[in-house]
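Undergrad: make a model of this:
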Amino acid sequence: MDLRWWPLGLAGVLIVLVVIAVALWLPLPPAARMLRPLAHVKRLTELPSYRRVAALQFWSSIVTIVLLVVLFGATIFTSSRPVGFASATRNFDALHPEDVMVCVGEPVTDATTAGFLNYYTEQIKSYRTQRIGLTSPTLRVVPLTRDYVYAGQKFADYAKLAGLKRDLDAKKQISDADVTTLNNGIDAFSRSIDYTDYAQSTEDVLALCMAGFPSFEDKSTRRRALIYLGYTDFRGSGEQRPSLFSTQQIKDMATKAGIQINGIARTDVVGAEHANDSLASIAATTGGTFSVYNPAGTAAGDGTDPTLAGLLDKINASPPSVVLPSGTMLTQRTWDYPNLPLTVSIIVAAILCLSLAVLRR
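TA: Predicted coordinates:
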């Protein structure tokens, strides 16, 4: 939860404190009227009926003061334009659902790939309106879908391949069924393709991943996020064969389609010096985040390396924005949602009106 106009809220709180201080310390003017002396005042104040009236007056004053403070606080809170409520996030996601394309630019048998896929296997369990897909350097492995059971199972199956490959390389005894699963999984995830007049680049992989968004040539009413993890240089410094797409073309395509590209580059793989810079500039142009990751010292397992999970959490914390037809950009942090404080204000105002009306009677 956050306040967009927090100085206004601070000013309102200061005003309340000043009013309270004035009420407590400012001396009241002396009463100008003459009071008539009464006999047996002590006996009168000890009567049960008088005690009931006095208690009612005291507690009604306390309740009125509390309700007025709550009403004023809710008014200040609403005027400060609150954003970031959990209910607001759910409504924002329902009105502007998100498409997430997980883009892998490295072998499926890499331990880092396993951690990457395991992360989204867990994320899928919390999805409600999102669609998720998976793309490798050569294949659309999982088309965008809201079938979370299917997607979660596919992500989990591919994440297990790194462990099977590790056991096989370590000369451990694995069953023929596991060997078949490993070979079929590698073949289903990506294909080895070699051309005489073409060499794949990171930009080409990003273009393939972007093509997984329906009608990706134009903007959509759905938010679009692409998360890339892998190598930033597929070609090598001596490669002379051309690629299909340039860095600028990827920027133009992503901007036109309203796709936020986020990149996590492997720093343990030797590549061209400009490769990371290209991916970083693409991420910056599309409103995404760019990070580098070195998996050295992390062991392959069923979960995700905490460092990698932290980088992915950072990406999740900055989802793509919504561009309205007027050109206005909306995010979860800029979408006003004063429903809760307004509801509180209405309820408190209604209680005040009813209670004061009863007291007057």
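
Undergrad: show me what contacts the closest residue to residue 160 other than its chain neighbours?
TA: The shortest distance from residue 160 to any residue other than its chain neighbours is 7.5 Å, reached at residue 114 (C-beta to C-beta, 6 or more residues apart in numbering). No exception for glycine: its C-beta is placed from N, CA and C like everyone else's. For residue 114, the contact set (C-beta atoms under 8 Å, 6 or more residues apart in numbering) comprises 159, 160, 161, 162, 163, 300.

Undergrad: check the burial of the closest residue in space to residue 174 that isn't next to it in sequence by counting its neighbours.
TA: Setting aside the residues directly before and after it, residue 174 is nearest to residue 167 in space (C-beta to C-beta, 6+ apart), at 5.4 Å. By the other C-beta atoms under 10 Å criterion, the neighbourhood of residue 167 contains 15 residues.

Undergrad: go on, residue 112?
TA: There are 24 residues near residue 112, going by other C-beta under 10 Å.

Undergrad: what of the one 3 residues further on?
TA: Residues within reach of residue 115, counting by other C-beta under 10 Å, total 26.

Undergrad: element containing it, please.
TA: Take DSSP states H and E as the rule and residue 115 turns out to sit in helix 111-124.

Undergrad: what do you get for residue 138?
TA: Element membership for residue 138, per DSSP H and E: none, as it lies in no helix or strand.

Undergrad: thought residue 191 was touching it, still the case?
TA: Yes - if you go by C-beta atoms under 8 Å, residue 138 and residue 191 touch, sitting 4.9 Å apart.

Undergrad: so these two - more neighbours on which side?
TA: For residue 138 versus residue 191, neighbours defined as other C-beta under 10 Å are more numerous around residue 138 (15 against 11).

Undergrad: enumerate every residue touching that one.
TA: Listed by C-beta under 8 Å, 6+ apart, the contact partners of residue 138 are 190, 191, 193, 208.

Undergrad: on that earlier part again, how far is whichever helix or strand the residue nearest to residue 174 is part of from where the chain is centred?
TA: For residue 167, the element it lies in under DSSP H and E is helix 161-169. When C-alpha coordinates are averaged (C-alpha atoms, centre = their mean, to the nearest Å), helix 161-169 and its chain have centres 34 Å apart.

Undergrad: who are the packing partners of the helix or strand following it?
TA: Scanning forward in sequence from helix 161-169, with DSSP H and E defining helices and strands, the next element found is helix 176-189. Using 3 or more C-beta pairs under 8 Å, 6 or more residues apart in numbering; DSSP states H and E as the contact criterion, the secondary-structure elements in contact with helix 176-189 are helix 148-159, helix 161-169.

Undergrad: any chance of those in TSV, plus mean pLDDT and distance to residue 293?
TA: Formatted as TSV, the helices and strands packed on helix 176-189 follow (pLDDT from 0 to 100; distance: least, C-beta to C-beta, whole Å):
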stretch	mean pLDDT	distance to residue 293
helix 148-159	96	17
helix 161-169	89	16
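
Undergrad: right, so of those helices, which gets closest to residue 71?
TA: The minimum distance between residue 71 and the helices and strands packed on helix 176-189 falls on helix 148-159, with 43.4 Å, by C-beta to C-beta.

Undergrad: may I see the buried residues of that closest one?
TA: By neighbour count, with 16 or more other C-beta atoms under 10 Å as the criterion, the buried positions of helix 148-159 are 148, 151, 152, 154, 155, 156, 158, 159.

Undergrad: stretch 191-199 too?
TA: If you call a residue buried by 16+ other C-beta under 10 Å, then stretch 191-199 has these buried ones: residue 199.

Undergrad: and that stretch, end to end?
TA: Using C-alpha to C-alpha, to the nearest Å, the end-to-end distance of stretch 191-199 comes out at 14 Å.

Undergrad: tell me the mean pLDDT for it?
TA: Taken as a whole, stretch 191-199 carries a mean pLDDT of 84.

Undergrad: same question for stretch 251-269.
TA: For stretch 251-269, mean pLDDT is 90.

Undergrad: go on, stretch 19-37?
TA: Summarised as a single mean, pLDDT over stretch 19-37 is 75.

Undergrad: off-centre distance for that stretch?
TA: For stretch 19-37, the distance to the chain centre is 54 Å (C-alpha atoms, centre = their mean).

Undergrad: over to stretch 147-158?
TA: With C-alpha atoms, centre = their mean as the basis, the distance from the averaged C-alpha position of stretch 147-158 to the chain average is 22 Å.

Undergrad: C-alpha coordinates for that stretch, PDB please?
TA: Taking only C-alpha atoms (Å, rounded to 0.1, in the frame of the first residue of the first chain), the coordinates of stretch 147-158 have been written out as PDB:
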ATOM      1  CA  ASP A 147      -4.500 -24.300 -18.400                       C
ATOM      2  CA  TYR A 148      -2.300 -24.100 -15.300                       C
ATOM      3  CA  VAL A 149      -2.300 -27.800 -14.700                       C
ATOM      4  CA  TYR A 150      -1.000 -28.500 -18.200                       C
ATOM      5  CA  ALA A 151       1.500 -25.600 -18.100                       C
ATOM      6  CA  GLY A 152       2.800 -26.500 -14.600                       C
ATOM      7  CA  GLN A 153       3.300 -30.100 -15.500                       C
ATOM      8  CA  LYS A 154       5.200 -29.200 -18.700                       C
ATOM      9  CA  PHE A 155       7.400 -26.800 -16.800                       C
ATOM     10  CA  ALA A 156       8.100 -29.400 -14.100                       C
ATOM     11  CA  ASP A 157       8.800 -32.200 -16.600                       C
ATOM     12  CA  TYR A 158      11.400 -30.100 -18.500                       C
END
